[in-house]
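Asker: Sequence and predicted structure below; questions after.
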Amino acid sequence: MDDTLVNGTKTTKELEKVVIRFAGDSGDGMQLTGSQFSFTSALWGNDLATFPDFPAEIRAPQGTVEGVSGFQVQIGKIDIYTPGDQADVLVAMNPAALKSNLQFARKGGNIIIDMDAFVDRNIEKAGFKTNPLEDGTLNDYNVVEAPISSLTKAALEGLQLDNKSIMRSKNMFALGMMYWLFDRSLKETEKYIEDKFRKTPALAEGNKRALNAGYHYAETIEALPARYKVPPASIEKGVYRHVSGNTATAWGLMAAAEKLGKQLFLGSYPITPASDILHELSRHKNLGVITMQAEDEIAAVCSAIGASYAGQVGVTTSSGPGIALKGEAIGLAVMAEVPLVVVDVQRGGPSTGLPTKTEQADINIAVYGRNSESPAIVIAASTPSNCFEFAYRAVKLAIEHMTPVILLTDGYLANGSEPWKFPKLADLPPIKINEPQKTNGTYHPYARNPETLARAWAVPGTTGLEHRIGGLEKQDLTGNVSYDPQNHEKMVRTRAEKVARVANYIPELERIGTGDGKLLVVGWGGTYGGLLTAVKELQQANKKIDFVHFNYINPLPKNTQQIFEKYDKILVCELNMGQFASLLRSKFPGLNILSYNKIQGQPFLVTELKEVFINHLKD
Amino acid sequence: MDDTLVNGTKTTKELEKVVIRFAGDSGDGMQLTGSQFSFTSALWGNDLATFPDFPAEIRAPQGTVEGVSGFQVQIGKIDIYTPGDQADVLVAMNPAALKSNLQFARKGGNIIIDMDAFVDRNIEKAGFKTNPLEDGTLNDYNVVEAPISSLTKAALEGLQLDNKSIMRSKNMFALGMMYWLFDRSLKETEKYIEDKFRKTPALAEGNKRALNAGYHYAETIEALPARYKVPPASIEKGVYRHVSGNTATAWGLMAAAEKLGKQLFLGSYPITPASDILHELSRHKNLGVITMQAEDEIAAVCSAIGASYAGQVGVTTSSGPGIALKGEAIGLAVMAEVPLVVVDVQRGGPSTGLPTKTEQADINIAVYGRNSESPAIVIAASTPSNCFEFAYRAVKLAIEHMTPVILLTDGYLANGSEPWKFPKLADLPPIKINEPQKTNGTYHPYARNPETLARAWAVPGTTGLEHRIGGLEKQDLTGNVSYDPQNHEKMVRTRAEKVARVANYIPELERIGTGDGKLLVVGWGGTYGGLLTAVKELQQANKKIDFVHFNYINPLPKNTQQIFEKYDKILVCELNMGQFASLLRSKFPGLNILSYNKIQGQPFLVTELKEVFINHLKD
Amino acid sequence: MENTIDIPQQKLTKKDFESDQLVRWCPGCGDYSILSAMTNALPQLNIPRENVVFISGIGCAARFPYYMNTYGFHTIHGRGPAVATGVKLANPKLSVWEIQGDGDAMAIGGNHFIHALRRNIDINIILFNNEIYGLTKGQYSPTSPTGLVTKSTPYGSIERPFHAAELVIGAQGTFYARTIDTNPKLMTEIFVHAAKHMGTSLVEVLQNCVIFNDDAHAAVTARENRDDFQLHVKHGQPLLFGKENKKGIRLNGLKLEVVTLGENGITEKDILVHDAHAEDPTLHLMLARMAPPHFPMALGVIREVRAKTYDEAIAEEREKITKNAKYHSVDDLLKSGETWEIK
Amino acid sequence: MENTIDIPQQKLTKKDFESDQLVRWCPGCGDYSILSAMTNALPQLNIPRENVVFISGIGCAARFPYYMNTYGFHTIHGRGPAVATGVKLANPKLSVWEIQGDGDAMAIGGNHFIHALRRNIDINIILFNNEIYGLTKGQYSPTSPTGLVTKSTPYGSIERPFHAAELVIGAQGTFYARTIDTNPKLMTEIFVHAAKHMGTSLVEVLQNCVIFNDDAHAAVTARENRDDFQLHVKHGQPLLFGKENKKGIRLNGLKLEVVTLGENGITEKDILVHDAHAEDPTLHLMLARMAPPHFPMALGVIREVRAKTYDEAIAEEREKITKNAKYHSVDDLLKSGETWEIK
Ligand SMILES: Cc1ncc(C[n+]2csc(CCOP(=O)(O)OP(=O)(O)O)c2C)c(N)n1
Ligand SMILES: Cc1ncc(C[n+]2csc(CCOP(=O)(O)OP(=O)(O)O)c2C)c(N)n1
Ligand code: SF4
Ligand code: SF4
Ligand SMILES: [Mg+2]
Ligand SMILES: [Mg+2]
């Protein structure tokens, strides 16, 4: 909203989109504040996307930079694909929040601070040498110094609440201010407060009072430059809910199992940022879900293989270091040709790396990270909500093609959330099981579907299909152990071909753009929102730039070469050192495949991308 | 020797090279027979290369195909790079040995069998429907039916040996026959026998008698077509010994440690075909070697990392499935920047695959098999004896560049052996340790050598350099934990650059050929001998064909592009589905990089390669 | 309990459980008799063939599933217990057997081994303890005695071995039995017993590897040691052994001692009575620790305690949750919580 | 024994062992007092700082090395014992400390944990047992009690926990001590004791995670439970506890029981005397298994047995082999055996 939110007289201004960021101590309830603001905006009809920014430490000392928790949301009357580059409005509940979040505030934007928190001790704890409110640090911003703590205290007087509870309501005061600023109703949040504190009416009352006090305070004071209006977006009709990538992944897996009439078996070992999938699935054991928190990642994947072998939907979830441990077992599933879904919620690496930050650097391990010739299907979700679709598809591909599927998501998708027009189970594509058949009375466990080359799923408990499989090379058809050289070559090639043929069962690439541009921007996975926004904005500015985004990494969509060969420059943008670009180069020699990479544990900024693209369009 | 060993009158024929294969039951002592023949030939001055062909089962029932053990040797008056495609002379001690080894015999060649073993029961056990000596199976060969068992028995009469011991001497009878056939002295083997059976003179006598009996029998009978002479080769002067790839690897590691004045620490978990490195090193604990048979591959690599961290030479050895388990820990060494050598003796896969067979399919896992951006140096030995050199170099690179080095060998190199003019320690290149230095009194564990970018090796026990490292992203210089986005990008790029700069410290590619050919054959690792032989034979036939062989996989030699760009066709030959070709394509887009692959658990045959090359030269 | 086992249509025989694959262990290997005991035991269990699954890791022992005419999965080294756990949870009706060598179970697979025991999932683990790595041609294992010369310990092993029983019970195992490959009858009996135990049954078979560690168990198994060095324990029975059961085990403070009936006034009343069902494992550990030359080795079911199995707990939990659940399909779940409609 | 420890030039103090890094555990976390006990203990050991190494895996506990002004290596989850083993073997002069959380040690790291104990390598493992995964924000661990509600067990854990002591002793551990984060003096004492033990010392610290599993150990550690539910064991001392040491532990057959001095004619003579040095672990296991509400929990050194350490055995082996060796350099080795000269 560079051109819209300006300092000036107290009027109402209309905005296309706006980015708001809430920041405070871990205990300040910033995640809740952000979610409420988002939910209210969604009900109002905005499109939006959100992203939480958790501290790396569990609970760092209060008032320190390490303990700051943030939540960013972008709302718009236009389609919103990212939580936004920089905040137009930053709410900072204490000096530490200001210190660590100023980098995310747009110059010229608004910063609302809790003045009461800017006492010397806190300022020092946050690592400021001098008071930032006085030393010119904030010269480039419109700063609103609100005595949030003291006004909250005043508003809650007489409620018999202890000081801790009173201070915990500060966030509602700040939220109330934002509601006034963006002309939102308090109704939904009041309802939420009533629900949440049903058992402690004093707290319910206190929170509501704080909310209203904030609203009225904002209405009264002079400091707020203008009131903003972000009108409803034109959004497809339907019923919506918010969903984060991890929740969507969990639900997509459950949907696939239910569609199949099978149980979902999750074998997992906790790891950031994947653990929430385990947590979510653990809550739904009434829906045919079994979750086993295994002793380690190897047991996790092996138990999932066992469950698949025995006829249920076997899934394992992890992140980089855990994925590295699963390679040997995934290879077993490749050889034994049993379905298996491996979800890799990518995070910053290498090694333990930046566990709470996002990155896209696990293409290599997903595609190549097993001993010998061990092909796996690799797919990637690209928005928090389509994690549902790709989790569902991962199960579908694993079962229809009888082989492991690795689904890549990332910390950004996992924790980010957006409104989602959720589907009905009945509308999801069917999943077809390869049913075993006997030929002349004998069962051949390695007989194949002639089209997909998938073998059948003959599960223990089925009369008459008893057979033995394993990790040693298998004889064609019978599945017996075979050391025959020719058979080995045939089987290696068959397993490769089986995965290659998956290309016949996945959608082709969709090009966004006219096709006559000289620059093709290529992305994959979680960077979709940022790339799309940047490309669209340039397209609107009449730049010749096109865009394709990959959700299918191995095999690639069939029309890849055909689309690529039209362009002088193919610019692959990734949050890594160029892994997908390298893979594309190895598959399409002779094309001019360039890379734009960022390895900072952070998503791309739209502004950053636009600059890069404009430079590429120049020469 | 297609043109040389012919049936005919009993004269002496001179041969350039000849391939002999010994095959018998596991208990028949074929490995010993082969080694003795090889040793004697080496002393005589031949160049040679050998390869054992062990059964997959530990001890399959006697007389079955599964229990057959083989040993192949090629000897020549010219340079010999492989054990040969097909045997000119096959010695088959029983029907099972014939059954499983006939495929390795050249049509028109000689087959010497122990007639006594061809009784119905054995013929049936071997899986023959009818007697192969009678049913025409051997029509294309010159078959020598020798009553080896009974003649051995006769020769040993009166020696008070039990039947088992007598039958165990059969192999010496066969060896005696071969010594006559190739005009070799019995002296060395007699000496060997005396040494071996020093404590059981009757056995010594028995074995010598059998040896001589075989020699004289061959001299007498008519069946042997001719006597062959393979004159000494012109071999570089010096002292030689035989060495297998696994032994050479073990010794190379030891040599490096001794050169450094450090201990060699091996953390390993047994796995075929890598275990022999562990076995060999376990024997030399007097030379500063510590071997720890760990509880699993993860403990193996982690203990090696611990040893490296603490200032010794930390090494771990394994094969595919074990390498898959080590990825996470190798990533730790990448991040912590400690030296580490990982030896991967490649075998047939995927999964457990073909554990006793060779393959070259671990480039992918070596280069790409870790989560996130986790670069490692990858090198590959190319002959049994140069496993010594590359093991030594692996240690040198790991320590000089402070990062993990993965050394790829394979089952073929590991078990194959050849004469080796072994070096003196004094002549090996020095290994330079990065010594830690303090700057103004403080020690910066992540300060770097400006040329290599390697950090220093500050080992526990050193006063004043106490510091903490770990798998979380490190702050530049200090090595403290850092979540800073810019620092992360810098460190990821620095680790990549450090490995890339290794290219400045490795030899350039050597082209074999004139450079004006239109076809460049490219190989890497253990296929060197076969590729070189095939290319040389075609070059001698005036074909325009050149050859480069890679021992350095990551980074690639600096002159790769320069050599490659001269050719219309670059044909990468590998025992996998094209992993190195794919890597080269990703690095050198725009070149015409083709693949020739074989995935049969077997090395290339020279004849096979020549045919492929000729076809490529045609179009 | 949904863990009820179907009864086969017709009585199965030993033959029914033998697969068509050539058995490829070394001639004389102890594995043969274990295989035979298993094909003897299974028909006694009255479980249809299709409901029997053999899972294994890698090793000589781990080839076992190929030789059984049931479902079988030869997985990867050491991970059998984890795969078996997935199989059992996916289909609790199955009778799941997990075959491990000592290396497979206690070297690379140690973690899965102890965790299966801790969770008490209802599978049967048969541990072929030959105190050596067979398949990889003779390296020492975590159960090899100190001093053993092997390929990787040319000067003798310097490590202290695990004792399976102590590790099993230390990991909260509910069933531990010990048997020997030279006693087919005892093996068969114990396999049947193990199958009937609800929870993780751990059967240690002292198995002879003729090639790489011949006679490792001879102090117990050799014909001449049978009487004096084997004590066949039975729940509720006095701990007697020796020729004509003349010797017995007596408790002395916190120690066991070997006594002879009739000597020094000792009668059967002085002899300790085996209580396999005691929750407290003190006695079980004491018995399991007995070994030649000063004690006989205890064979038979040493510990057998009923505790809720992991699969039972999962079933119970599901039942309880389902009863109270507010939604019964993914469709319902998606609609639950905060939703809004754009019209 | 080359395992002699250098003595530092000057007496070191607590401060000398504190690094300059900001300690980042949650306010109130039990880890702080463990850290403080460690910086108290180390100066008492008279080891130069540069010879002290802290190794850890991943977890809240595993951040420990950053806070020690010694050498430190924060490795990967569960693998600390393996890395520490490599460190100790590479340089036996080092005093190696390995810090693990319960998940790190007994979930993912279970195998390395039991094998370090089995080998008896001379390192000191400090196990921070908070019965929860702290760093990953609150999932149950293998030591969490059945029923615990956590992020991954919203309906309560259905698993049976490991008991560290039983696993340690089942894995042939030679040293097991238990202490609590609320008793700095006892911790310091035990750390010093552990350091002096030759072999793998395992110290279990009952540690409180204020955020995800607050008061998990309150039945033992709470001020009001101190007297009745803590029994401080000491080798050679009677097992007395309670206010004024009026209560004690008596042996009854194979069971322990709590008795009160002076009641029913009970005197100190009836009370069991602790023998930490007994090879046979029966008593140690019985003591370690005691827990509220029926028993006090045993704190202190429960087992301490001298057995050859892995590092000692390696040194001895090397010495023996070197004495008999025919060659003393790689050059000699290459020349040994069958060689020939081409002239
Ligand atoms: C990951 C991995 N590491 C190592 C091996 C090699 N390996 C196969 S079986 C085995 C040990 C066999 O010993 P044990 O489990 O005791 O079984 P046994 O052969 O004695 O029956 C080893 C080390 C492997 N197959 N996979
Ligand atoms: C391979 C791998 N898997 C999982 C994780 C995630 N992880 C980090 S610490 C931890 C468990 C922490 O629990 P504990 O060891 O008890 O230590 P605490 O935090 O309680 O001190 C987990 C699951 C990881 N870092 N690496
Ligand atoms: S090597 Fe040993 S355990 Fe393996 S099959 Fe042979 S005798 Fe049996
Ligand atoms: S989460 Fe628990 S264990 Fe971790 S630092 Fe916080 S209080 Fe301590
Ligand atoms: Mg074994
Ligand atoms: Mg914990």
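Answerer: Okay, I see it. Numbers count the residues shown, from 1 in each chain, chains lettered A, B, ... in the order given. Ligands and ions are numbered 1, 2, ... in the order given.
Asker: For residue 283, which non-adjacent residue is closest in space?
Answerer: In the absence of a named chain, chain A is used. The shortest distance from A:Arg283 to any residue that is not its chain neighbour, by CB to CB, 6 or more residues apart in numbering or on different chains, is 5.2 Å, and that residue is D:Pro154. Bear in mind the C-beta positions are built from the backbone N, C-alpha and C, glycine included.
Asker: I was thinking of chain C, sorry if that wasn't clear
Answerer: Leaving aside its sequence neighbours, C:Leu283 sits nearest to D:Leu254 (CB to CB, 6+ apart; 5.8 Å).
Asker: what's the neighbour count on that neighbour?
Answerer: Here the neighbour count serves as a burial measure; for D:Leu254 (other CB atoms under 10 Å in any protein chain shown) it reads 16.
Asker: And the helices in chain C?
Answerer: C:31-41, C:80-90, C:102-103, C:110-119, C:164-170, C:184-196, C:218-221, C:226-229, C:282-289, C:310-324, C:330-335 (DSSP state H).
Asker: Write down the beta-bridge partners of A:Val378, one by one.
Answerer: According to DSSP bridges, A:Ile406, A:Asn554 are recorded as the beta-bridge partners of A:Val378.
Asker: Please report how far it lies from A:Leu397.
Answerer: Counting by CB to CB, to the nearest Å, the gap between A:Val378 and A:Leu397 amounts to 10 Å.
Asker: list the residues that contact both of the two?
Answerer: Shared contacts of A:Val378 and A:Leu397, defined by CB atoms under 8 Å, 6 or more residues apart in numbering or on different chains, are found at A:Val405.
Asker: OK, contacts around the residue in chain A that chain C sits nearest to?
Answerer: The shortest separation between chain A and chain C is 2.5 Å, found at A:Gly306 (distances taken as CB to the nearest CB). For A:Gly306, the contact set (CB under 8 Å, 6+ apart) comprises A:Gly314, C:Ile55, C:Phe73, C:Ala82, C:Val83, C:Ala84, C:Thr85, C:Gly86, C:Val87, C:Lys88, C:Leu89, C:Ala90.
Asker: Which of the residues you listed sits closest to chain B?
Answerer: Using CB to the nearest CB, C:Phe73 comes nearest to chain B of these, at 12.1 Å.
Asker: The closest residue to the closest one other than its chain neighbours: neighbour count?
Answerer: Nearest non-adjacent residue to C:Phe73, counting by CB to CB, 6+ apart: C:Ile55, 5.2 Å away. Other residues within reach of C:Ile55 by the criterion other CB under 10 Å amount to 33.
Asker: So C:Ile55 sits against C:Thr70, correct?
Answerer: No - at 10.7 Å, C:Ile55 does not count as touching C:Thr70 under the criterion of CB atoms under 8 Å.
Asker: of all the residues in chain C, which ones are close to ligand 5?
Answerer: Where chain C comes near ligand 5, counting by CB under 5 Å from the ion, the residues are C:Gly101, C:Asp102, C:Asn130.
Asker: For D:Ala62, see how far away the first one is.
Answerer: This means C:Gly101. Plainly put, C:Gly101 is 33 Å away from D:Ala62 if you go by CB to CB.
Asker: So the two - more neighbours on which side?
Answerer: Taking C:Gly101 and D:Ala62 together and counting by other CB under 10 Å, C:Gly101 has the greater number of neighbours (33 against 29).
Asker: Pull the contacting residues for A:Thr452.
Answerer: A:Glu400, A:His401, A:Asn434, A:Lys498, A:Arg501, A:Val502, A:Tyr505.
Asker: A strand includes A:Ser234, no?
Answerer: No - according to DSSP: H, G, I helix; E, B strand; the rest coil, the state of A:Ser234 is coil, so it is not within a strand.
Asker: Quick check: pLDDT value at it.
Answerer: In this model, A:Ser234 is scored at 92, pLDDT.
Asker: What's the local residue count around it?
Answerer: 11.
Asker: now it: how far from A:Lys566?
Answerer: Plainly put, A:Ser234 is 32 Å away from A:Lys566 if you go by CB to CB.
Asker: Check the burial of C:Glu224 by counting its neighbours.
Answerer: Using other CB under 10 Å, C:Glu224 is surrounded by 8 other residues.
Asker: rewinding a little: same list, the helices of chain C, but as a markdown table with mean neighbour count, mean pLDDT and distance to B:Ala361 please.
Answerer: Conversion of these to a markdown table gives the following (neighbours: other CB atoms under 10 Å in any protein chain shown; pLDDT from 0 to 100; distance: least, CB to CB, whole Å):
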| stretch | mean neighbour count | mean pLDDT | distance to B:Ala361 |
| --- | --- | --- | --- |
| helix C:31-41 | 21 | 98 | 32 |
| helix C:80-90 | 31 | 98 | 24 |
| helix C:102-103 | 32 | 98 | 26 |
| helix C:110-119 | 28 | 98 | 27 |
| helix C:164-170 | 27 | 98 | 37 |
| helix C:184-196 | 19 | 98 | 40 |
| helix C:218-221 | 18 | 97 | 44 |
| helix C:226-229 | 18 | 96 | 50 |
| helix C:282-289 | 22 | 98 | 45 |
| helix C:310-324 | 16 | 96 | 38 |
| helix C:330-335 | 19 | 97 | 41 |
